[in-house]
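> Quick one, what's the 3D model for this:
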Amino acid sequence: MTAASAIETVFRIESARIIAGVARIVRDVGIAEELAQDALVAAMEQWPESGVPDNPGAWLMATAKHRAIDLVRRRETYARKLAEMGRDLDGVSAEPGPGAVDPDAIDDDLLRLIFTACHPVLSTDARIALTLRLLGGLTTEEIARAFLTTEPAVAQRIVRAKRALGRAGVPFEVPYGPERAARLRSVLDVIYLIFNEGYAATAGDDWLRPGLCEDALRLARVLAGLMPDEPEVHGLAALLELQASRTAARTGPDGAAVLLADQNRARWDRLLIRRGLAALLRAGDTAAKAGQPLGPYALQAAIAACHARTARFEDTDWAAITALYDRLAVLTPSPVVELNRAVAVSMAEGPAAGLALVDALAADPALKGYHLLPSVRGDLLERMGRTDEARAEFVRAAELTRNERERALLLGRAGR
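Now for the predicted structure:
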């Protein structure tokens, strides 16, 4: 591996930890990212001549921290900052090297960075962009391509997010008590939204964007390692592992979408299924120890587990899935949950029972323009033999979706 490729690979892997470690010193994620980039430039200048260090991640971390300390010294009197930062300054040696990094401290810093990037003071789009940039290691170009927007728009979103954090005086810390519970939900929601956009793209020519799924899955695994006593963290990790296990079977050779009933389950990833089931078990254990019921992500993971444990679609335990949706609807009532519950009821009790529930949702303003409402209704009508009505629903759903693969699938069903 050349020095250039080594630098690129190491920085992609370590950038989040480096930014997090530096942000603890400078208390500003924007400045921390700039200092991490400075360390990258230093590596590009020195490594081709000196060779790649034995611990390149530690080298980059130490270099970035030295620059952070220099910046602090220029801004403030050294003595006062030394008293404030304590071990942050003491823990950095005179020269970069393997001994310059405390792994435990990095993990604490990474957790702080996750909570800062997902602070509620930012819009959802800003949280997603900042999380992908700081924690996912994605470039502005990669984020723009993933979400089908322009590079300048993403760049502005990230800049504004950093400024908003600074103006609001958001502390670089993990909150505690009720605020922590509220903020954790924001963190989990952002990771889930990133995964969902990769799993079922909102718009564009591709049904899947596997790169986004992988980024979200990596973030969920990191969070589970950093917060092992939080049931919903494991619940989200379980859900993403189980959903990601189906990725290879969700498209055909030509990239066309393949529905769950038609998927070749031999193509489901058994390793991801095992990981997902293990994470679900941890979610249940940690919830029981805390005296809590399963949260919404753990319940969704339990639904996904029902599919993962079943070798054939025809053998799916729809009664169990309906019962889980009943619990989810009580915990987080929403028309989308009710729509999914209607599908499960239709499979357990027949399409007429499901159609009655779907029709009750038709007037809900939250589902206006939601293409899956007519899509589900079309499926139920087709199963009841009401083909003309079903065709009209599939055409309507095709008009509402912005994803070309999904539009083709819906028009195909209408034509059929």
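> Where do the strands of the protein begin and end?
Across the chain, reading from the start of the chain, the strands by DSSP state E fall at 203-204, 402-403.
> Quick check: which helices or strands does the first one pack against?
If I follow you right, that is strand 203-204. In this structure, strand 203-204 packs against strand 402-403, with contacts taken as 3 or more CB pairs under 8 Å, 6 or more residues apart in numbering; DSSP states H and E. Yep, even glycine has a C-beta here, placed from its N, CA and C like the rest.
> quick one: which of the strands of the chain is nearest residue 276?
Relative to residue 276, the nearest member of those by CB to CB is strand 402-403, separated by 25.3 Å.
> Save the strands of the chain as JSON lines, and put in mean neighbour count, mean pLDDT and distance to residue 149 too.
Converted to JSON lines, the strands of the chain look like this (neighbours: other CB atoms under 10 Å; pLDDT from 0 to 100; distance: least, CB to CB, whole Å):
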{"stretch": "strand 203-204", "mean neighbour count": "14", "mean pLDDT": "74", "distance to residue 149": "10"}
{"stretch": "strand 402-403", "mean neighbour count": "16", "mean pLDDT": "86", "distance to residue 149": "13"}
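> For residue 278, find the nearest of these.
Ranking these by proximity to residue 278 (CB to CB) places strand 402-403 first, at 32.3 Å.
> Could you give the separation of the closest one from the chain centroid?
The chain centroid and the centroid of strand 402-403 are separated by 21 Å, computed with CA atoms, centre = their mean, to the nearest Å.
> swap in stretch 179-192?
Centroid separation for stretch 179-192 versus its chain: 11 Å, with CA atoms, centre = their mean.
> Give me the contacts around it.
By CB atoms under 8 Å, 6 or more residues apart in numbering, the surrounding residues in contact with stretch 179-192 are 114-115, 117-120, 124, 127-128, 131, 174-175, 216, 219-220, 223, 227, 230, 232-233, 236, 239-240, 297.
> Local confidence estimate at the residue lying closest to residue 312 once chain neighbours are set aside?
Beyond its immediate neighbours in the sequence, the residue positioned closest to residue 312 (CB to CB, 6 or more residues apart in numbering) is residue 265, lying 7.3 Å away. As predicted, residue 265 sits at a pLDDT of 96.
> Surely residue 265 touches residue 249?
Yes: the pair residue 265 and residue 249 passes the contact test of CB atoms under 8 Å, sitting 6.9 Å apart.
> in this structure, which helix or strand is least confident?
Lowest mean confidence among the helices and strands of the chain (mean pLDDT, DSSP states H and E): helix 87-90, at a mean of 53.
> rewinding a little: could I get the contacting residues of the residue nearest to residue 312?
For residue 265, the contacting residues are 249, 311, 312, 313, by CB under 8 Å, 6+ apart.
> Turn those residues into JSON lines, columns for pLDDT.
Formatted as JSON lines, the entries for those read as follows, by pLDDT from 0 to 100:
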{"residue": "249", "pLDDT": "95"}
{"residue": "311", "pLDDT": "94"}
{"residue": "312", "pLDDT": "95"}
{"residue": "313", "pLDDT": "96"}
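> Run a quick neighbour tally on the closest residue in space to residue 216 that isn't next to it in sequence.
Spatially, and ignoring its direct neighbours in sequence, residue 216 is nearest to residue 195 (3.5 Å; CB to CB, 6+ apart). Other residues within reach of residue 195 by the criterion other CB atoms under 10 Å amount to 23.
> State the distance from residue 195 to residue 122.
Distance of residue 195 to residue 122, given as CB to CB, to the nearest Å: 19 Å.
> Could you do residue 255 as well?
Note on residue 255: its distance to residue 122, by CB to CB, is 34 Å.
> Between those two, point out the one with more neighbours.
More neighbours surround residue 122 than the other of residue 255 and residue 122, with 25 against 13 (other CB under 10 Å).
> Any stretches of this protein with poor pLDDT?
Scanning the chain for pLDDT under 70 picks out 1, 3, 76-107, 148.
> Let's see that with 50 instead.
Low-confidence segments of the chain, defined by pLDDT under 50, are located at 78, 93-106.
> Tell me how many other residues crowd the closest residue to residue 346 other than its chain neighbours.
Nearest residue to residue 346, sequence neighbours excluded (CB to CB, 6+ apart): residue 354, at 2.5 Å. Residues lying near residue 354 (other CB under 10 Å) number 25.
> for residue 132, same thing?
A count of neighbours around residue 132, defined by other CB under 10 Å, yields 26.
> Next, the contact list for it, please.
For residue 132, the contacting residues are 138, 142, 143, 146, 194, 215, by CB under 8 Å, 6+ apart.
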